[in-house]
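1. Pasting the sequence and the predicted coordinates here, then a few questions.
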Amino acid sequence: AQKVTQAQTEISVVEKEDVTLDCVYETRDTTYYLFWYKQPPSGELVFLIRRNSFDEQNEISGRYSWNFQKSTSSFNFTITASQVVDSAVYFCALSTGNQFYFGTGTSLTVIP
Amino acid sequence: EAQVTQNPRYLITVTGKKLTVTCSQNMNHEYMSWYRQDPGLGLRQIYYSMNVEVTDKGDVPEGYKVSRKEKRNFPLILESPSPNQTSLYFCASSLGPLPYEQYFGPGTRLTVT
């Protein structure tokens, strides 16, 4: 069975702090993709990043970085120097076969 | 503008009254999907469609129907809604299931009383 676990339900940080959102996944498939989506208070879902199961290189995009480790089945997301605009719910997702599986989300609040 | 549209955005209805939530995309995507979002449960896939006339169940299909008669449209049908179907619904589309990211509609908030 496929599963995505985001153990952190809510996180609060003060502006400019770094924060890491954890994502652990389960799948027996060898080919799969992992995603992160952002859901700001306005409610839309915004794609952030995609990573395939064969590419364990970490990725950095501005203040965002992602750490993919197959050995621990984790795909963690770090925001450096957080800003108020980063306040949102963040979802990790797994795609394998024809379906998508989302985690329960982590609600991040950045306090000014 | 490339987009996924859903209608209505908000709907309050009563138990047992059939309803349809429409979803349309203008990106010529083959893959379309419906999700429901509930507090503490994240997004769960209801149904998906690989192409016209090809649909399949996701994780929570009970109480829902879909159809895919045209590539751009993927309506979600609740033939006899019940209060446990009160939720926020998202339609999404992509070029395919792998390796593509999905583009989401704005969501439909449904309340069944």
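-> Okay, I see it.
2. so what's residue B:77 bridging to?
-> Taking DSSP bridges, one obtains residue B:20, residue B:65 as the residues bridged to residue B:77.
3. quick one: contacts for it?
-> Residue B:77 makes contact with B:18-20, B:64-67 under the criterion Cβ atoms under 8 Å, 6 or more residues apart in numbering or on different chains. Where C-beta positions appear, they are placed from N, C-alpha and C, glycine not excepted.
4. how near is the one residue sitting closest to the centre of chain B to residue B:77?
-> Nearest residue to the geometric centre of chain B (Cα atoms, centre = their mean): residue B:34, 2.9 Å. Per Cβ to Cβ, to the nearest Å, residue B:34 is found 10 Å from residue B:77.
5. Check the contact lists of those two and give me the overlap.
-> Both residue B:34 and residue B:77 are contacted by B:64, B:66, under the criterion Cβ under 8 Å, 6+ apart.
6. helices and strands around the helix or strand of chain A with the lowest mean pLDDT, which ones?
-> One helix or strand of chain A scores below all others by mean pLDDT, DSSP states H and E: strand A:59-61, with a mean of 86. Judged by 3 or more Cβ pairs under 8 Å, 6 or more residues apart in numbering or on different chains; DSSP states H and E, the packing partners of strand A:59-61 are strand A:46-52, strand A:64-69.
7. Chain B: which of the ones you listed is closest?
-> Chain B sits nearest to strand A:46-52 of all the helices and strands packed on strand A:59-61, at 4.4 Å, using Cβ to the nearest Cβ.
8. still on that earlier bit, and the contacts of residue B:77 as JSON lines, adding neighbour count and pLDDT?
-> Below are those laid out as JSON lines (neighbours: other Cβ atoms under 10 Å in any protein chain shown; pLDDT from 0 to 100):
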{"residue": "B:18", "neighbour count": "10", "pLDDT": "97"}
{"residue": "B:19", "neighbour count": "17", "pLDDT": "97"}
{"residue": "B:20", "neighbour count": "14", "pLDDT": "98"}
{"residue": "B:64", "neighbour count": "20", "pLDDT": "98"}
{"residue": "B:65", "neighbour count": "14", "pLDDT": "98"}
{"residue": "B:66", "neighbour count": "21", "pLDDT": "98"}
{"residue": "B:67", "neighbour count": "16", "pLDDT": "96"}
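9. Out of the residues you listed, which is nearest to chain A?
-> Taking Cβ to the nearest Cβ as the measure, chain A lies nearest residue B:66 of the contacts of residue B:77, at 14.3 Å.
10. Now that closest one. Nearest residue, chain neighbours left out?
-> In space, and not counting its chain neighbours, residue B:66 is closest to residue B:47: 4.4 Å by Cβ to Cβ, 6 or more residues apart in numbering or on different chains.
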